[in-house]
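Asker: Got a predicted structure here, sequence first:
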Amino acid sequence: MMVMLAAFPALAMAQETQVVKIGFSSPLTGAQAAAGNDNKGGLEMAIDKLNAQGMVIGGKKVKFEAQMEDDQADPKAGVTVAQKLVDAHVKAIVGPYNSGVTIPASKVYNDAGIVMGTVASNPKITEQGYANVFRVAASDSQLGGKMALYAAKELKVKKVAIIDDRTAYGQGVANEFEKVAKANGLQIVGHEFTNDKATDFNGILTKIKAEKPDAIFYGGYSPQGGPMTRQMKQLGLDKTKMLGGDGICAPEMGRLGGDAITDQVYCTQGGAMLDKQAAGKAFATEYQKRFNRPAETYAASFYDGMMVIAQAMKEANSVEPAKYQPMLAKIKFKGVAGSYEFDAKHDLKDSPVTVFQFKGGVPVALTSY
């Protein structure tokens, strides 16, 4: 009898654990799989840390479980993933990664009343006015604009050509770069277009070479940025600086561009310099140890995105989006990649941007700008 009585409290406690599903959307296959798996690692670390802490919400111990979905960096696949995650009754979405996926998927999540924390940077995402959509990283205006300011003031660039990949992300960051570049006296000598599946850029680069620019700004991602820089070198444009946003701010540029990825390549990424903060250093060390690879562009932001959502749940004492969304909207949270406080559009009030220069094929932080 004594043995049976002793078992009852343990049984009761086991019943008091609630499983809270978190959705994840990023490209896990295809050309951008490296970025997607980087994001996935950040979310996994956050969930494991939260579960180890034994968070109690609404009187019940919470166990977070992630449902990882591959959106293939494709808008149609992203909407399919969104509906799948809605049907799975997830309590939050961390992602998507790509603006082109996020814009249509955000309507699905918002209409279903699910909170979404995305790193996608196109300004249109938060201009839609969706109550449940939050951006947990810098926007294109910050990423492209700060790169233009740095090019004008620090790199002393005078003439620049622009190429974008026609994705929502690529167009957004390139247009913001162009706007701020012009305002700071840079001469735009051409704006060319490619796509996010292209491999041959010789025609575009030959046309640009005739204009003798000091730099080329590329609005797009590493799978094109790396080969494009390699082709720049082959055409004798190796003294021309290659500039970009967070889409090219990853070691994948070095892997794909080889010895063409020199200190002439610069990029911007949202967030403060990780190695300048104790929490950032600890995160980078733990990520490397766990996955045997460095944290790349947005691992820390996916980690923080989960942490800030969990904090809002804790403050609301509820895992239901309708209850914790108001807490998230007014939260003040210090994360690994920066501080989280949202404006009326649910963009970050203060999102520092770090400028990187490639050295030895990897981006090295220069300064927060």
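Answerer: All right, it came through fine.
Asker: Below-threshold pLDDT in the stretch 51-200 of the chain: ranges please.
Answerer: Applying pLDDT under 70 to the stretch 51-200 of the chain flags no residue at all.
Asker: Run me through the strand neighbours of the helix or strand hosting I162, direction for each.
Answerer: Using DSSP states H and E, I162 sits within strand 159-164. On the basis of DSSP bridges, the sheet neighbours of strand 159-164 come out as strand 187-193 (parallel), strand 215-219 (parallel).
Asker: Dump the following helix or strand past the last one to PDB, keeping only the CA atoms.
Answerer: Reading on from strand 215-219 to the C-terminus, the next helix or strand found by DSSP H and E is helix 222-234. Only the C-alpha atoms of helix 222-234 are listed here, as PDB (Å, rounded to 0.1, in the frame of the first residue of the first chain):
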ATOM      1  CA  SER A 222      25.500  32.900 -51.300                       C
ATOM      2  CA  PRO A 223      24.700  30.100 -53.800                       C
ATOM      3  CA  GLN A 224      24.800  32.800 -56.500                       C
ATOM      4  CA  GLY A 225      27.100  35.300 -54.700                       C
ATOM      5  CA  GLY A 226      30.000  32.800 -54.400                       C
ATOM      6  CA  PRO A 227      30.100  31.800 -58.100                       C
ATOM      7  CA  MET A 228      29.400  35.400 -59.200                       C
ATOM      8  CA  THR A 229      32.500  36.600 -57.300                       C
ATOM      9  CA  ARG A 230      34.500  33.800 -58.800                       C
ATOM     10  CA  GLN A 231      33.400  34.900 -62.300                       C
ATOM     11  CA  MET A 232      34.200  38.600 -61.400                       C
ATOM     12  CA  LYS A 233      37.800  37.400 -60.800                       C
ATOM     13  CA  GLN A 234      37.900  35.500 -64.100                       C
END
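Asker: Show me which residues of the strand holding I162 are buried.
Answerer: V160, A161, I162, I163, D164 (16 or more other Cβ atoms under 10 Å). C-beta: built from backbone N, CA, C; applies to glycine.
Asker: Which two of those have the greatest separation?
Answerer: In terms of Cβ to Cβ, the buried residues of strand 159-164 reach their longest pairwise distance at V160 and D164, which sit 13.0 Å apart.
Asker: sorry, back to before: switch the strands paired with strand 159-164 over to CSV; also include mean neighbour count and distance to A33.
Answerer: Shown next, in CSV, are the strands paired with strand 159-164 (neighbours: other Cβ atoms under 10 Å; distance: least, Cβ to Cβ, whole Å):
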stretch, mean neighbour count, distance to A33
strand 187-193, 16, 24
strand 215-219, 28, 20
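Asker: Turn those into a markdown table, including distance to Y340.
Answerer: Shown next, in a markdown table, are the strands paired with strand 159-164 (distance: least, Cβ to Cβ, whole Å):
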| stretch | distance to Y340 |
| --- | --- |
| strand 187-193 | 34 |
| strand 215-219 | 26 |
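Asker: wait, which of these is closest to M68?
Answerer: Nearest of those (Cβ to Cβ): strand 215-219, 27.9 Å.
Asker: Need the contact partners of that closest one.
Answerer: 144, 147-148, 151, 155, 157, 159-165, 169-175, 177-178, 181, 208, 224-225, 228, 232, 237, 240-245, 247-248 (Cβ atoms under 8 Å, 6 or more residues apart in numbering).
Asker: if you set the cut-off to 6 Å instead, what comes out?
Answerer: 157, 160-164, 170, 173-174, 177, 225, 240-244 (Cβ atoms under 6 Å, 6 or more residues apart in numbering).
Asker: show me where pLDDT drops low in the stretch 201-350 of the chain?
Answerer: Short version for the stretch 201-350 of the chain, where the test is pLDDT under 70: none.
Asker: show me where it has strands.
Answerer: Applying DSSP state E, counting those that start in this stretch to the stretch 201-350 of the chain gives strands spanning 215-219, 241-244, 265-270, 333-334, 339-340.
Asker: A260 touches Q234, doesn't it?
Answerer: No: A260 lies out of contact with Q234 (Cβ atoms under 6 Å); the separation is 8.1 Å.
Asker: And those two? Which one has more around it.
Answerer: A260 (23 against 11; other Cβ atoms under 10 Å).
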